[in-house]
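Novice: attaching a predicted model along with its sequence, questions to come.
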Amino acid sequence: MEFNLLNFINENMIIFIPVLFVIGAFMKKSRIRDNLIPWFLLVISWVLVFATTWDGQQAVVQGTLITGICVLGSQLYIQTVRKRDE
């Protein structure tokens, strides 16, 4: 049995993953502490999904999944590619 996390995300919401990634990259260069960035991204994703669907439950579930994929992807990149370069 194959598990694919993207199967749980509404295909209209997948576009928010790179959007959150870019927002997170800008936040990383700002004064915002690194440990707060995922929390800001989570709230931003909830707002984006809610503005798209007008459904609070979908906003929480889809926004959380989208943020999780964005943060996980970022951390995988940092831990594998950047650590190898050092």
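Specialist: Here it is on my side, so go on. Residues are numbered from 1 along each chain as shown.
Novice: Leu41: neighbour count?
Specialist: 23 (other C-beta atoms under 10 Å). To be clear about C-beta, it is placed using only N, CA and C from the backbone, and glycine gets the same treatment.
Novice: mind listing what's buried along the longest helix along the chain?
Specialist: Once the chain is assigned using DSSP state H, the helix that runs over the most residues is helix 56-77. Of the residues in helix 56-77, those buried under the neighbour-count criterion (16 or more other C-beta atoms under 10 Å) are 59, 61-63, 65-71, 74.
Novice: using CSV, list the CA coordinates for that helix.
Specialist: As requested, C-alpha coordinates have been extracted for helix 56-77 and formatted as CSV (Å, rounded to 0.1, in the frame of the first residue of the first chain):
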residue,chain,number,x,y,z
GLY,A,56,-13.2,26.8,8.5
GLN,A,57,-12.6,23.1,8.9
GLN,A,58,-11.1,22.8,5.5
ALA,A,59,-8.9,25.8,6.2
VAL,A,60,-7.5,24.2,9.3
VAL,A,61,-6.9,20.7,7.8
GLN,A,62,-5.7,21.8,4.4
GLY,A,63,-3.6,24.7,5.8
THR,A,64,-1.9,22.4,8.3
LEU,A,65,-1.1,19.8,5.6
ILE,A,66,0.2,22.5,3.3
THR,A,67,2.4,24.1,6.0
GLY,A,68,3.7,20.7,7.0
ILE,A,69,4.8,19.8,3.5
CYS,A,70,6.4,23.2,3.1
VAL,A,71,8.3,23.1,6.3
LEU,A,72,9.2,19.4,5.8
GLY,A,73,10.5,20.1,2.3
SER,A,74,12.5,23.1,3.6
GLN,A,75,14.1,21.1,6.4
LEU,A,76,14.9,18.1,4.1
TYR,A,77,16.7,20.5,1.8
